[in-house]
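# Sequence isn't available, so here's the structure alone:
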Ligand SMILES: [Zn+2]
């Protein structure tokens, strides 16, 4: 997935430097990788029936990068936990609903650390 340069908006694929303007993208790549790692971990936890920990991972991923994938995982974890009001708000964030395509302001659950 391409990372848009914050300086010139050029999409860059897996590069630590913008191909157009030379901006340093390394920190942004690290943030994106951390968000993706939380998603992977959260999905695994949800498959194991550990919804609270999965929700924590999804929330952390959302805080790092407001991606529809993070909101979808939080939605599923909220359903698993029976928190339907919270699930509805995450659904809105996942689909860009209620705010004209911008991510909604979802609830944040406390982050529950789990095993690495
Ligand atoms: Zn650039």
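Ah, there it is. It should be emphasised that the depicted structure is a prediction, and the values quoted were computed from it without experimental measurement.
# for this protein, what's the longest helix?
helix 26-47 (DSSP state H).
# Sketch out the low-pLDDT regions of this structure for me.
97-116 (pLDDT under 70).
# who in this protein is up against the ion?
Proximity of the chain to the ion, by Cβ under 5 Å from the ion, involves residues 5, 7-8, 10, 18, 20-21, 23. Backbone N, C-alpha and C define where each C-beta goes, glycine included.
# and if we set it to 8 Å?
Proximity of the chain to the ion is confined to 5-10, 12, 18-23 under the rule Cβ under 8 Å from the ion.
# Next step: those residues restricted to helices.
Going by DSSP H, the helices hold none of the residues of the chain next to the ion.
# From the residues you listed, list just the buried residues.
5, 12, 18, 23 (16 or more other Cβ atoms under 10 Å).
# Now distance to residue 45 too, for those, in JSON lines please.
Below are these laid out as JSON lines (distance: Cβ to Cβ, whole Å):
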{"residue": "5", "distance to residue 45": "33"}
{"residue": "12", "distance to residue 45": "31"}
{"residue": "18", "distance to residue 45": "35"}
{"residue": "23", "distance to residue 45": "35"}
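# biggest separation within those, which pair?
The most widely separated members of those are 12 and 23, with 9.0 Å between them, by Cβ to Cβ.
# shared neighbours of the two, anything?
Overlap between the contact sets of residue 12 and residue 23, as judged by Cβ atoms under 8 Å, 6 or more residues apart in numbering, is given by residue 5.
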